[in-house]
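[1] Here is my input, please return the structure:
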Amino acid sequence: MSILSKPTRRESFGLAAGAGLLLAGGGRAVAAQFPDHPINFIIPYAAGGDFDSYVREFCGILTKSLGVNVVPINQPGAAGAEAIFTLGQDAPDGYNMAIANLPGLLHVKPKPGFDVNKMTWLANLGRDTLGLAVAANSPIKTIADLQALSAQRVIKMSSSGKASADYLVSKIIAGVFKLNVSIVSGYEGSVSSMIAVARGDVDVTVHSLASIANMEQSKLMRLMFVFDEKSPVPGVEDATSVGQPNLGKLFQFRTVAAPPNLPDEIAAKLSHALVAATKSPEAQAWAAKIKTTLYPMGRKETLAMIKEQEGLLETYKDFLAA
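    Predicted coordinates for the structure are as follows:
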């Protein structure tokens, strides 16, 4: 049992129990035999969003390459932080891993004593450019429009919660542009938080360009700002045009974590499989179809990215503390 007094995921879903494959040596996996039963790939959000789509696509590819079933399991809660916290309590045997929302997870602690840097970071799968989006019929077209509206009333922004990248970037935007903002959090994922904008419950939201594009195709939302040096959409403002180049360094990363103290041999095998999966024809075709950007990084590169993002967030610490 975990410290949350709940059954472990393998107990809950009966994945390992049916196989009867717990190994000797205090339950630790023997690297030479790994993997020899199903692996849980945890999704820290409800079904239907970007992270859910990533894990389900990669589960199919990894099942083929690793020779065991890699099973997607949704575990929403605390804007993606609950699943990562729970993962931190799991046995370091390689049979539980999760996709994590970075850089959102870097500025919160889901539980007292939790240290995100103690997780075993395996790989990065994707890196999506972020954007600000409004309802299709919204009069807001520029950052100046947001500032003018903010002078009249509180601007409402939707978010899935404090551990999400959209929440973190919303706080940064509010600070950089001196906006009077109320962040409405608690949405289970990107879809529900974008629908809140489309129906007028809130004014604006931050999400990946891929997610926003899907809503734009349905004529429900409109992109108004891009967190990049140069906007890929003519007429839409970007970090350069508003004189805030550091905003172009904020991305939505799709990073994979395992429990702390995972043996190097097992971590290396999972990392290699994850990076190889991003380069597979199946993943490339899928990414092109949904307009996401695959951005494979192994363990060393992923750790360097995390340190870089932590340094970037340090420059915005006053806004994030507010």
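[2] now the stretch 101-250 of the chain, which segments are flagged as low pLDDT?
    109-112 (pLDDT under 70).
[3] which residues of it fall in strands?
    120-135, 155-158, 181-184, 204-208, 221-226, 237-238 (DSSP state E, counting those that start in this stretch).
[4] Break the chain down into its domains, please.
    Taking automatic domain parsing as the reference, the chain has its domains at 9-127+252-315, 129-249.
[5] For A322, find the nearest of these.
    domain 129-249 (6.7 Å; C-beta to C-beta). In short, each C-beta sits where N, CA and C put it, glycine included.
[6] end-to-end on the closest one?
    Length of domain 129-249, first residue to last, C-alpha to C-alpha, to the nearest Å: 9 Å.
[7] roughly how far out does that domain sit from the chain middle?
    17 Å (C-alpha atoms, centre = their mean, to the nearest Å).
[8] Stretch 255-273 now?
    On C-alpha atoms, centre = their mean, the centre of stretch 255-273 falls 18 Å from the chain's centre.
[9] Contacts for that stretch next, please.
    Applying C-beta atoms under 8 Å, 6 or more residues apart in numbering, the contact partners of stretch 255-273 are 28-29, 31, 34, 62, 65-66, 84, 87-94, 96-100, 102, 118-125, 274, 298-299, 302, 305-306.
[10] Tabulate the domains of the chain (a markdown table), appending mean neighbour count.
    Shown next, in a markdown table, are those (neighbours: other C-beta atoms under 10 Å):
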| stretch | mean neighbour count |
| --- | --- |
| domain 9-127+252-315 | 19 |
| domain 129-249 | 19 |
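[11] Save those as TSV, and put in distance to A322 too.
    Formatted as TSV, those follow (distance: least, C-beta to C-beta, whole Å):
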stretch	distance to A322
domain 9-127+252-315	12
domain 129-249	7
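[12] so of the contacts of stretch 255-273, which ones are in strands?
    Within the contacts of stretch 255-273, residues falling in strands by DSSP state E are 96-100, 102, 120-125.
[13] about what we covered before: quick one: closest of the strands of the stretch 101-250 of the chain to I172.
    When these are compared by C-beta to C-beta, strand 204-208 sits nearest I172, at 9.3 Å.
[14] Within the sheet, what are the partner strands of the closest one, with directions?
    Strand 204-208 has its sheet partners listed here by DSSP bridges as strand 120-135 (antiparallel), strand 155-158 (parallel).
[15] Which of the ones you listed sits closest to F251?
    Taking those one by one with C-beta to C-beta, strand 120-135 is closest: 4.9 Å.
[16] returning to that earlier point: ok, the ones in strands among the contacts of stretch 255-273 vs M224, which is closest?
    Closest approach to M224 among these (C-beta to C-beta): L102, at 24.2 Å.
[17] Beta-bridge partners for that closest one, please?
    Here L102, judged by DSSP bridges, has bridge partners F253.
[18] Please tell me I have it right and Y187 contacts D201.
    No: the pair Y187 / D201 is not scored as a contact, 10.0 Å apart, by C-beta atoms under 8 Å.
[19] shared neighbours of the two, which are they?
    With C-beta under 8 Å, 6+ apart as the test, Y187 and D201 both reach S158.
[20] Distance of the residue most central in space within the chain relative to E229?
    Most central in the chain under C-alpha atoms, centre = their mean is N101, positioned 2.4 Å from the mean C-alpha point. Per C-beta to C-beta, to the nearest Å, N101 is found 23 Å from E229.
[21] OK, contacts around K171?
    K171 touches 183, 316, 319-320, 322, counting by C-beta under 8 Å, 6+ apart.
[22] which residues of the stretch 201-322 of the chain fall in helices?
    Secondary structure of the stretch 201-322 of the chain (DSSP state H, counting those that start in this stretch): helices at 209-217, 264-278, 281-290, 299-314, 317-321.
[23] closest to G161 out of those?
    helix 317-321 (14.4 Å).
[24] who's in contact with the closest one?
    Applying C-beta under 8 Å, 6+ apart, the contact partners of helix 317-321 are 107, 168, 171-172, 174-176, 313.
[25] residue contacts, S280?
    Contacts of S280 (C-beta under 8 Å, 6+ apart): I61.
[26] quick one: it from I173, how far?
    From S280 to I173 the distance is 36 Å (C-beta to C-beta).
[27] for I143, same thing?
    Taking C-beta to C-beta, one finds I143 at 9 Å from I173.
[28] follow-up on the earlier one: and the contacts of K171, which two are the farthest apart?
    Among the contacts of K171, I183 and Y316 lie farthest apart (C-beta to C-beta), at 15.0 Å.
[29] residue contacts, the spatially closest residue to F227 that is not a sequence neighbour?
    Ranked by C-beta to C-beta, 6 or more residues apart in numbering and with sequence neighbours excluded, the top spatial neighbour of F227 is L130, at 4.3 Å. Shown in contact with L130 (C-beta under 8 Å, 6+ apart): 165-166, 169, 206-209, 226-227, 250-252.
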